[in-house]
Structure formats: structure tokens, C-alpha cells
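Chemist: Model the following, please.
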Amino acid sequence: MTPRPRIVLSSDHAAIELRRTIAAHVEAAGWEVIDIGPTTPESTHYPIHGRAAAERVASGDARLGIVLCGTGQGIMMAANKVAGIRCGVCSDTFSARMIRQHNDANMLSLGARVIGEGLALDIVNAFLGAEFEGGRHALRAGMIETGEA
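Modeler: Numbers count the residues shown, from 1 in each chain. Purely as a prediction, here's the structure:
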């Protein structure tokens, strides 16, 4: 039996419920979910959660990651500080496909105060259903990785 691919999820306090919904959805799609919280609604700091999830992806413990905060912007910025992470914030399915296909993104960021649950699940499906195309995009993704951009 082939092991299920692993995905890590994290958020700040603003996105706990949407994160839990996404976790259940992704697990039903066959992924092993590593949900690293938080679990309580007390105010928390999104940089801590973005970095923690990114470190799980960068270490190889998870193949991909999904992080959430109010807008998706701050937690995405924190995740991108970890070497080897390419995280993009998306509010539409086209962008979610493209960050995987053209940028070899390994993390997706969502804004719980920006998009609703239905759209969030569609964006997650687009992200998870896409694969890096390589080719001319490999050079550009490499430039991002090495800082030549």
C-alpha cells in the first residue's frame, strides 16, 4: 500500500474554523493531515504558525502546507522566510493552479476574512490538483530559490 502524502496545516486565531474544515476536506481526499493548531481562539501570532508549518515542509516531514490568517498575507510572508519555501496567497482557483504549475509552490496561504468556505475548498482543490510543469518554469523557480531574482 502506498503511504498517503502528508500535508501540514496551521493558522492564527482568525482562521481556526476554516482550517479545521480544510483539514477534514483534505483528509477525505486522501492526504494525511498534520494540523499543528492553534486549537483555542485566544489571540496568537501568525508569524509563529507560518514558520512552524513552513519548517515541516522544508524538512520533508510534509510534502505541502496550507496556512491561514485573516488576510493570508502575513502568515505567507512568515512562511516564505524559511529556506526552500515558496508560498503564495490565493483568493482564486486560477492563481492556486498557477503557483503550483509555474512557481513550484509548496505552500498555499488563504485569508479567512477574505474568502468563504466554498471558495476556499475550491482553491485548495486547484492547488492540490496541480503539479509543477518544469521546463522553462524550472529556471525561474530556481532563480527564486537562489535569490537571483
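
Chemist: where does this structure dip in pLDDT?
Modeler: 1, 149 (pLDDT under 70).

Chemist: which stretches of this structure form helices?
Modeler: Assigned helices in the chain, in chain order: 16-28, 46-58, 73-79, 93-101, 117-129, 136-146 (criterion: DSSP state H).

Chemist: Against which helices or strands is the shortest one packed?
Modeler: With contacts defined as 3 or more C-beta pairs under 8 Å, 6 or more residues apart in numbering; DSSP states H and E, helix 73-79 has these neighbours: helix 46-58, strand 64-69, strand 87-89, strand 107-111. All C-beta atoms are positioned from the backbone trio N, CA, C, and that covers glycine.

Chemist: Please point out which parts of it sit buried.
Modeler: 74-79 (16 or more other C-beta atoms under 10 Å).

Chemist: Ok, the last one next?
Modeler: Within helix 136-146, the residues that qualify as buried are Ala141, counting by 16+ other C-beta under 10 Å.

Chemist: just the fifth one next, same as before
Modeler: When burial is assessed from 16+ other C-beta under 10 Å, helix 117-129 yields the following buried residues: 120-121, 123-128.

Chemist: Identify, from the residues you listed, the entry nearest to Gly111.
Modeler: Ala120 (9.1 Å; C-beta to C-beta).

Chemist: Roughly how far does the closest one sit from Arg20?
Modeler: 12 Å (C-beta to C-beta, to the nearest Å).

Chemist: if we can go back for a sec, tabulate the buried residues of helix 117-129 (a markdown table), appending distance to Gly50.
Modeler: Shown next, in a markdown table, are the buried residues of helix 117-129 (distance: C-beta to C-beta, whole Å):
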| residue | distance to Gly50 |
| --- | --- |
| Ala120 | 17 |
| Leu121 | 21 |
| Ile123 | 18 |
| Val124 | 17 |
| Asn125 | 22 |
| Ala126 | 21 |
| Phe127 | 16 |
| Leu128 | 19 |
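
Chemist: Tell me how far stretch 62-80 lies from the chain's centre.
Modeler: 6 Å (C-alpha atoms, centre = their mean, to the nearest Å).

Chemist: swap in stretch 23-40?
Modeler: Distance, centroid of stretch 23-40 to centroid of chain: 12 Å (C-alpha atoms, centre = their mean).

Chemist: For it, give me every contacting residue.
Modeler: Applying C-beta atoms under 8 Å, 6 or more residues apart in numbering, the contact partners of stretch 23-40 are 3-13, 16, 19-20, 44, 49, 52-53, 56, 61-62, 66, 121, 124-125, 128.
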